[in-house]
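Student: What follows is a predicted protein model with its sequence.
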Amino acid sequence: MRLQRMILAVMAAGALGLWGCGTTQPDGDAAPVEEGIVQATELAPEPAVALTPTPMVAATRINVQPQVDELKKQLAPGGPDASKQGLVFDATRVNFGKIKSTAGILSATFTAHNRTDKPIQIVRTEKDCGCLLSRPLPNQVGPGETLTVMLQMNPSGKNGRLSHMFTIQTDEETPYYFLNMLADVELVRGADQPNIYIPSLVRGTTEHVQVIIDSASDILPRALFELPDANLVLGGTQVDGATLDLWITTAPTAVRGKIPARLIVRHPDTRAEAAIVPMIVVIDDNVHFNTPSIFLGRMKPGEPASKEVQLVSYFGDVPRVIRARVENERGEAGSVEVVRAPVATLVRVTADPDKAIGPVYRATLRVELESAEQPEALLPVLGIVEQKQNTLDFSATPTGP
């Protein structure tokens, strides 16, 4: 039974990783009434046969067989087990218990120690959902060193069990480590939930949100829904009583940043506004830096200053760079080195203080990407240039009477 439960858990994590969190569209497309307005699809009672478990053959499509085989080897008699793994985590699961959907961002920190006398290489990491936020990990963990993994998830707009899996693959004989965050979320109704917050929605992806609208529950099954924002597209809706399920897609040309929006619920007959659901959507690039800016501190004239940052992807793939440069209003302001590592692309910026305009070094790291969806990534570079001391002696020399 233990083996079966662990295999099912891995299959579930793989399923989320393939389809993305909330990217599954509802059965049957919502028929548009007119441009920008979507007709709700009322959920009919499901027959008992719908409760039949999904056949196990779905695992072939999900392609999690390597993880399944690895678990079998770990649990097989005489086979490698977790006791032979070099990284020892203080805990691999954080359960937040029963919370409300307005609890805010849930953060968990997992700590592991390398108990071997050799460095352990981190080959790759994988999230079961783009909405699970994580900081980039180092390429290796040295002997006796500590690895810290910080994960975040948001319960806003969710209802029921919320569970996410983060997978770390190393170069060990037993390479996989699974970190899990979970919570039982109660969706807050009405005024207690002033808005829906959707963090880190990548351009062109879809997020599933669930909200309860008591004020319009009588018309909700036949209501019309409108999302008047050029950055967002309402992909579909489903209604079950007062519960509304939304599938919101970010436009490929969406503006990056925090965007306030609103969902308008209209009366099916008069088309008058029956309810308004405020939303805050944070739209981000798939490829992004692990820091919002580079600050070089105090810089001495004639002495270049360097700093390294990581270029990572929400989807886990390592970004490919065509070229990179650091420039200001006058042109090139330094040099850039790019190294493609297993889990991130390392970018080392060397700034030339003599290229600064005034006492503040202000430039932009511009990285051209091998991607049609996102051609470049930008990062501000700042520093303070020490001013040269004046060496002329203006002291007065007595000339006598």
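Tutor: Thanks, I have the structure now.

Student: I'd say residue 275 and residue 211 touch.
Tutor: No: Residue 275 is not in contact with residue 211 according to C-beta atoms under 8 Å; the separation is 10.1 Å. C-beta: built from backbone N, CA, C; applies to glycine.

Student: Check which residues of stretch 282-296 are buried.
Tutor: Buried residues in stretch 282-296, defined by neighbour count with 16 or more other C-beta atoms under 10 Å: 283-289, 294, 296.

Student: repeat for stretch 219-227
Tutor: 219-221, 223-227.

Student: and if you look at stretch 303-319?
Tutor: 304-305, 307, 309-314, 318-319.

Student: of all these, which comes closest to residue 149?
Tutor: Minimum distance to residue 149 across the buried residues of stretch 303-319 is 14.0 Å, recorded for residue 312 (C-beta to C-beta).

Student: pLDDT weak spots in the stretch 301-401 of the chain?
Tutor: 314-317, 373, 388-401 (pLDDT under 70).

Student: same check, this time on the chain
Tutor: 1-84, 130-131, 157, 189-197, 199-200, 214-215, 252, 314-317, 373, 388-401.

Student: tell me the centre residue of it?
Tutor: Nearest to the mean C-alpha position of the chain, counting by C-alpha atoms, centre = their mean, stands residue 133 at 4.1 Å.

Student: nearest residue to it other than its sequence neighbours?
Tutor: Spatial nearest neighbour of residue 133, chain neighbours left out: residue 152 (4.2 Å); criterion: C-beta to C-beta, 6 or more residues apart in numbering.

Student: strand partners of the helix or strand hosting the one you found, parallel vs antiparallel please.
Tutor: For residue 152, the enclosing helix or strand under DSSP states H and E is strand 146-153. Using DSSP bridges, strand 146-153 pairs in its sheet with strand 106-114 (antiparallel), strand 133-134 (antiparallel).

Student: closest one to residue 234 among the ones you listed?
Tutor: So among the strands paired with strand 146-153, strand 133-134 is nearest, using C-beta to C-beta, at 24.5 Å.

Student: Next secondary structure element downstream of that closest one?
Tutor: strand 140-141.

Student: Tell me how many other residues crowd residue 379.
Tutor: 20 (other C-beta atoms under 10 Å).

Student: And the contacts of the host helix or strand of it?
Tutor: Element membership for residue 379 (DSSP H and E) is strand 376-385. The contact list for strand 376-385 (C-beta atoms under 8 Å, 6 or more residues apart in numbering) reads 285, 287-289, 291, 293-301, 305, 309, 311, 319, 326, 333-334, 349, 351, 353, 356, 359-369.

Student: So which of the residues you listed sit within strands?
Tutor: Those of those mapping onto strands are 287-289, 294-299, 305, 309, 311, 326, 334, 349, 351, 360-369, per DSSP state E.

Student: returning to that earlier point: which one of the strands paired with strand 146-153 lies closest to residue 254?
Tutor: Closest of the strands paired with strand 146-153 to residue 254 is strand 133-134, at 18.6 Å (criterion: C-beta to C-beta).

Student: Give me the contact list for the closest one.
Tutor: By C-beta under 8 Å, 6+ apart, strand 133-134 touches 125, 127, 149-153, 166, 199-200.

Student: Sheet partners, orientation included, of the host helix or strand of residue 95?
Tutor: Taking DSSP H and E as the criterion, residue 95 maps to strand 93-100. Strand 93-100 has its sheet partners listed here by DSSP bridges as strand 176-186 (parallel).

Student: What would the partner strand look like as PDB? C-alpha coordinates only.
Tutor: The C-alpha coordinates for strand 176-186 follow below in PDB (Å, rounded to 0.1, in the frame of the first residue of the first chain):
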ATOM      1  CA  TYR A 176      15.000  12.400  -6.700                       C
ATOM      2  CA  TYR A 177      13.800  14.500  -3.800                       C
ATOM      3  CA  PHE A 178      10.100  15.500  -3.400                       C
ATOM      4  CA  LEU A 179       9.000  18.600  -1.400                       C
ATOM      5  CA  ASN A 180       5.300  19.100  -0.800                       C
ATOM      6  CA  MET A 181       3.200  22.000   0.400                       C
ATOM      7  CA  LEU A 182      -0.500  21.500   1.100                       C
ATOM      8  CA  ALA A 183      -3.500  23.200   2.800                       C
ATOM      9  CA  ASP A 184      -7.200  22.700   3.100                       C
ATOM     10  CA  VAL A 185      -8.600  26.000   1.800                       C
ATOM     11  CA  GLU A 186     -12.100  27.400   2.700                       C
END
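
Student: Buried residues in it, which are they?
Tutor: 176-183, 185-186.

Student: mind putting the residues you listed in CSV, distance to residue 95 included?
Tutor: Shown next, in CSV, are the buried residues of strand 176-186 (distance: C-beta to C-beta, whole Å):
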residue, distance to residue 95
176, 21
177, 18
178, 14
179, 12
180, 8
181, 8
182, 5
183, 7
185, 12
186, 15
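
Student: now, which of those residues sits nearest residue 97?
Tutor: Looking across the buried residues of strand 176-186 and measuring by C-beta to C-beta, the closest to residue 97 is residue 183, at 6.8 Å.

Student: OK, contacts around the closest one?
Tutor: 95-99, 106, 155, 161-163.

Student: out of the residues you listed, who has the most neighbours?
Tutor: residue 155 (23 neighbours).

Student: picking that back up, given the strand holding residue 379, what are its sheet partners and their directions?
Tutor: Short version: by DSSP bridges, strand 376-385 pairs with strand 294-299 (parallel), strand 360-369 (antiparallel).

Student: highest average neighbour count across these?
Tutor: Compared across those, strand 360-369 shows the largest average neighbour count, a mean of 19 (mean count of other C-beta atoms under 10 Å).

Student: what about the strands in the stretch 101-250 of the chain?
Tutor: Secondary structure of the stretch 101-250 of the chain (DSSP state E, counting those that start in this stretch): strands at 106-114, 120-127, 133-134, 140-141, 146-153, 160-170, 176-186, 196-202, 206-212, 224-226, 232-240, 243-250.
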